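> Can you look at this prediction? I've put the sequence above it.
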Amino acid sequence: MQPASASWPRTLADRAVGRRLAPAQELAETDVRALMDAGLALLRAEAPGRSPRVADIVAAAGLSNDAFYRYFASKDDLVAAIVEDGSRRLVTYVRHQMDKGDDAAARLRLGIEAIMKQATDADVAASTRAVIGSSTGPVAGTQPGWAQLVDWVADAFTEAAAQLGGTAPRRDARAIAVTALGTMQYLLWQESVPEPGELEHLVEFACAGIARQS
């Protein structure tokens, strides 16, 4: 009996195709990253609510209009990709920080702290402000970027909320995500940093809200 096709190693023909396509894929990845980096830099420099022109983006990236439209259907598509990338980076950082906690309360605190840190470093704040300010468009063709970010952070908080005894951990996690991200956004627009004790207040507020449901 022959093994299932999925268990076969790559054929010599597959490898030949891979060698042919690899340089093109690497070039595409390099071009897309250059466009996203240029787009983010220009979004940071623009006034709130405004976005750069495609001509400005391709000039900053050192590419052509043809290269831009090879990868993105419109400027909105590029902005959506930048928002998604920034959101993923933030959530990855939140999860990484939470993994350092010894218990559910500590993990929740570290997650909230990771979000609040976006407003304390001037360079990070500028990038986060640009991403959040552009997050009204669709991400991955599903929902507005802000809603997607809330869902992703809620995913990171749900297990800790459940371990803290909440009877509706997903709803608890979403409420905490909205509160933490909303506070971060407020600080970013005010171009200010958290006041002394603000992090502790948010953590106590979140834990008290979960405790009321247990």
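Yes, it's here.
> any idea how the protein splits into domains?
Residue ranges for each domain of the chain read 11-72, 75-214, as given by automatic domain parsing.
> which residues touch Ala41?
Counting by CB atoms under 8 Å, 6 or more residues apart in numbering, Ala41 touches Ala60. Just so you know, the C-beta spots here come from the backbone N, C-alpha and C atoms, and that holds for glycine as well.
> For it, pull up the helix or strand it's in.
Per DSSP states H and E, Ala41 falls inside helix 12-45.
> Buried residues in the helix or strand that comes right after that helix, which are they?
Using DSSP H and E, the helix or strand that follows helix 12-45 towards the C-terminus is helix 54-61. Residues of helix 54-61 classed as buried by neighbour count (16 or more other CB atoms under 10 Å): 54, 56-58, 60-61.
> follow-up on the earlier one: pipe the domains of the chain into CSV and attach mean pLDDT per row.
Formatted as CSV, the domains of the chain follow (pLDDT from 0 to 100):
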stretch, mean pLDDT
domain 11-72, 86
domain 75-214, 85
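> Out of those, which is the most enclosed?
Most buried of the domains of the chain by mean neighbour count (mean count of other CB atoms under 10 Å) is domain 75-214; its value is a mean of 18.
> Confirm Tyr63 sits in a helix?
Not Tyr; residue 63 is Leu. No. Assignment of Leu63 by DSSP: H, G, I helix; E, B strand; the rest coil gives coil, placing it outside any helix.
> any idea how far Val131 is from Leu188?
10 Å (CB to CB, to the nearest Å).
> if we can go back for a sec, which member of the buried residues of helix 54-61 is positioned nearest Ala177?
Proximity of these to Ala177 (CB to CB) peaks at Ile57, which lies at 30.9 Å.
> dump the residue contacts of Phe157.
Neighbouring residues of Phe157 by CB under 8 Å, 6+ apart: 108, 111, 172-173, 176-177.
> Surely Leu35 is in contact with Arg70?
No. Under the criterion of CB atoms under 8 Å, Leu35 is not in contact with Arg70, lying 10.1 Å apart.
> which secondary structure element contains the residue nearest the centre of the chain?
Nearest to the geometric centre of the chain sits Ser87, at 1.0 Å (CA atoms, centre = their mean). Assessed by DSSP H and E, Ser87 sits inside helix 75-98.
> Show me what that helix is packed against.
For helix 75-98, the elements it packs on are helix 12-45, helix 54-61, helix 104-116, helix 122-133, strand 138-139, helix 145-163, judged by 3 or more CB pairs under 8 Å, 6 or more residues apart in numbering; DSSP states H and E.
> at 6 Å instead, please
Contacts defined by 3 or more CB pairs under 6 Å, 6 or more residues apart in numbering; DSSP states H and E place helix 75-98 against helix 12-45, helix 104-116, strand 138-139, helix 145-163.
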